[in-house]
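J.: can't give you the sequence, but here's the structure:
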Ligand code: APR
Ligand code: PHB
């Protein structure tokens, strides 16, 4: 099989990138390890920055998001019995975030991709292996139905997430990996209950962090920080509901509508960055290149800037014969990646319990008290949470 861009991974990065390229007449093949149903069933985050929402619209898949998504102007932080709202729209010249589940976003992308004549998707593609990307002859080798197959292409986009094959195929002496593992995880619960509040609540508490989020007016998504020794089977629904209400101010906990979980899982937290993000004819996109703790809701929104930059660079290559944007991809993408890694680390550090030392919590409370008393303090959270701009010179 021959194509212009070979994409490893049919998650949000691979799907949206393929659509952006297709709208410019550029063909691609997506090799996805799993079946469509498996990919669409994965429960992930649900906050879109304006940049990601705009990319979905640009990719022609924003209609349901705009119809069903919830636009939010602010978030709430709770700490020391207090409830402090950050009016992000007021502090950022009107910027909002869109609450729209990644599960739905992935379904919308697949609905468009599978009807797109410029895109071929191969599900259950096994043993995908990128080769020839340093030698100028990029190819994707894989196994399908027991037969060895090859996709010859001009470029490879590694959109295969943290555990994917693209980064793993790069010789260790050609990249640097930066990683921080956090000493806790997030236990998440999804329930068909009305959200406890109309905006998201991030809670700092001496028992640990909690987050009250949502997918719609009738479906809630909650998280509590748990130790790395915890297993999801240790947490009945009842135990979860009791614990999250203990981490919230009473006037909020008292309003929480509980119900049976429709999904419950524990996710580890890490910060991870690969440098560079380009290896000859292969480019890394999204979780294949970087991971952030979910505190800042940056995972998908960082993939968005990668997709924007790489699609812009590839379109300039095919339409104008330009190489400059391809040469700038890694440096430009990494600048926004590190800014988001910093914010996600910082927001995690002030909202979570790291140890039993009582002075740690007192210092966190002092920092939160200061931040909420200062327009500059609230603004720094607001402008990072709604999303820092994409590089305007990258065109
Ligand atoms: N071969 C083929 N496909 C693979 C391979 C492989 N070796 N390894 C992984 N994949 C597929 C996975 O099955 C998945 O569908 O690549 C896809 C990667 O998707 P994500 O992990 O969602 O990463 P990405 O598309 O970059 O999305 C980034 O969305 O899923 C969230 O937490 C993620 O918020 C982040 C954002
Ligand atoms: C979610 O709704 O899943 C969510 C929201 C905000 C975060 C992380 C996850 O920071």
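T.: Yep, that arrived. All of these numbers come straight from a predicted model, not from anything done at the bench. Ligands and ions are numbered 1, 2, ... in the order given.
J.: mind checking which helix or strand the residue lying closest to residue 395 once chain neighbours are set aside is in?
T.: In space, residue 395 comes closest to residue 312 once its chain neighbours are excluded; the distance is 6.5 Å by CB to CB, 6 or more residues apart in numbering. For the C-beta atoms, the positions are set from N, CA and C on the backbone; glycine is no exception. Assessed by DSSP states H and E, residue 312 sits inside helix 299-320.
J.: and whichever residue of the stretch 51-200 of the chain sits closest to ligand 2, how many neighbours?
T.: Minimum separation of the stretch 51-200 of the chain from ligand 2 (CB to the nearest ligand atom) falls at residue 200, amounting to 5.8 Å. Residue 200 has 22 neighbouring residues, counting by other CB atoms under 10 Å.
J.: surely it is in contact with residue 212?
T.: Yes. Using CB atoms under 8 Å, residue 200 is in contact with residue 212, at 6.5 Å.
J.: show residues contacting stretch 67-77.
T.: With contact meaning CB atoms under 8 Å, 6 or more residues apart in numbering, stretch 67-77 is reached by 48, 53, 83-90, 96-100, 104, 197, 199-204, 214, 216-217, 351, 368, 372, 385.
J.: do that again at 6 Å, thanks
T.: With contact meaning CB atoms under 6 Å, 6 or more residues apart in numbering, stretch 67-77 is reached by 83-89, 96-100, 199-202.
J.: could you identify which of the residues you listed has the most neighbours?
T.: residue 97 (28 neighbours).
J.: how close does the closest residue to residue 78 other than its chain neighbours sit to residue 77?
T.: Of all residues not flanking residue 78 in the chain, residue 203 sits nearest, at 4.6 Å (CB to CB, 6+ apart). Between residue 203 and residue 77 the distance is 8 Å, computed by CB to CB, to the nearest Å.
J.: more neighbours: the two, which one.
T.: Neighbours per residue, other CB under 10 Å: of residue 203 and residue 77, the larger number sits with residue 203, 25 against 22.
J.: quick one, what contacts the more buried one?
T.: If you count contacts by CB under 6 Å, 6+ apart, then residue 203 has 78, 210, 247, 248 around it.
J.: residues near the second one, how many?
T.: Residues near residue 210, counting by other CB under 10 Å, number 25.
J.: quick one: residues contacting it.
T.: Contacts of residue 210 by CB under 6 Å, 6+ apart are 203, 224, 244, 247.
J.: those residues, buried ones only, as a PyMOL selection?
T.: In PyMOL, selecting the buried portion of these, with burial taken from 16 or more other CB atoms under 10 Å, looks like this:
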select buried, resi 203+224+244+247
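J.: which of the contacts of residue 210 fall in helices?
T.: Within the contacts of residue 210, residues falling in helices by DSSP state H are residue 244.
J.: let me have the contacts of residue 210 in JSON lines, extended by distance to residue 186 and pLDDT.
T.: Conversion of these to JSON lines gives the following (distance: CB to CB, whole Å; pLDDT from 0 to 100):
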{"residue": "203", "distance to residue 186": "13", "pLDDT": "98"}
{"residue": "224", "distance to residue 186": "7", "pLDDT": "98"}
{"residue": "244", "distance to residue 186": "12", "pLDDT": "98"}
{"residue": "247", "distance to residue 186": "13", "pLDDT": "98"}
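J.: fine, thanks again, bye for now.
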